[in-house]
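Undergrad: give me a model of this one.
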Amino acid sequence: MRVALPDSALAGARKSLRASLQARRRRVARAERARASTLAALNADRLLRLRAGWRIGLYAALADELDSAPLIALAQARGCRIYLPRIDRRRVGRKMRFVEMIGPQRLNRLGIAEPQGSRMLGARWLDVVFLPLVGFDSRGVRLGTGGGFYDRAFAFRRWRSVWHAPRLVGLGYAFQQVERITPAAHDVLMDAVVTEQGVIQCATG
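TA: Model prediction:
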């Protein structure tokens, strides 16, 4: 029988794992990051066969994350519409919104580029969302940076029994996969993860 960890122990274990994986991610050389990002974009296209008109949620990568730029370029070449997250700090809970990648962008306080346009789309109406991650396991449990923005944005998926759109696909390096991440109560599971080495279809997908 598996014993559930107390909240404090779970938070501590996740914090330690997060720090270890982030440190390893920072050691990736620039040339290796570029190569891995291109391969991951190609693997994402093989998985999904990106099509014109699809509404795709993506992210503007930080310097140590797998670069999303090759996938954004590929999806745009396929005729997809790209939506990037924007954190609205004027609202309670600092809600994350998805805004179409058109026009000017501005760096937020974390150094993440956010679109400044007004073409927003509710998270449930996206076709596919590629999520940044720090770590993941084969069941689709995602370890993020700890802000909880994606879990809150897609919390509605936890209450659906049939329709699980949009499809949630993690994007990261192969070394970010670990044997098991103990999920928190608020975690929203991913359907698949794409890395430079291929595609991991998660247990929920």
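
Undergrad: mind giving me the packing neighbours of the longest strand along the chain?
TA: For the chain, the longest strand by residue count, based on DSSP state E, is strand 81-88. Applying 3 or more Cβ pairs under 8 Å, 6 or more residues apart in numbering; DSSP states H and E, one finds that strand 81-88 contacts strand 55-57, helix 69-77, strand 95-100, strand 113-115, helix 149-153. Backbone N, C-alpha and C define where each C-beta goes, glycine included.

Undergrad: partner strands of the first one, with direction?
TA: For strand 55-57, sheet partners with direction are given as strand 81-88 (parallel), strand 128-132 (parallel), following DSSP bridges.

Undergrad: now do the strands in this protein.
TA: 55-57, 81-88, 95-100, 105-107, 113-115, 120-121, 128-132, 135-136, 142-143, 167-171, 192-195, 198-201.

Undergrad: who wins for proximity to Pro70 among those?
TA: Ranking these by proximity to Pro70 (Cβ to Cβ) places strand 167-171 first, at 10.5 Å.

Undergrad: what strands line up against the closest one, and which way round?
TA: Going by DSSP bridges, the partners of strand 167-171 are strand 128-132 (parallel), strand 192-195 (parallel).

Undergrad: tabulate those (CSV), appending mean pLDDT and distance to Gly146.
TA: Shown next, in CSV, are the strands paired with strand 167-171 (pLDDT from 0 to 100; distance: least, Cβ to Cβ, whole Å):
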stretch, mean pLDDT, distance to Gly146
strand 128-132, 97, 12
strand 192-195, 98, 19
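
Undergrad: how about those strands in JSON lines, adding mean neighbour count and distance to Trp159?
TA: Formatted as JSON lines, these follow (neighbours: other Cβ atoms under 10 Å; distance: least, Cβ to Cβ, whole Å):
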{"stretch": "strand 128-132", "mean neighbour count": "24", "distance to Trp159": "17"}
{"stretch": "strand 192-195", "mean neighbour count": "24", "distance to Trp159": "21"}
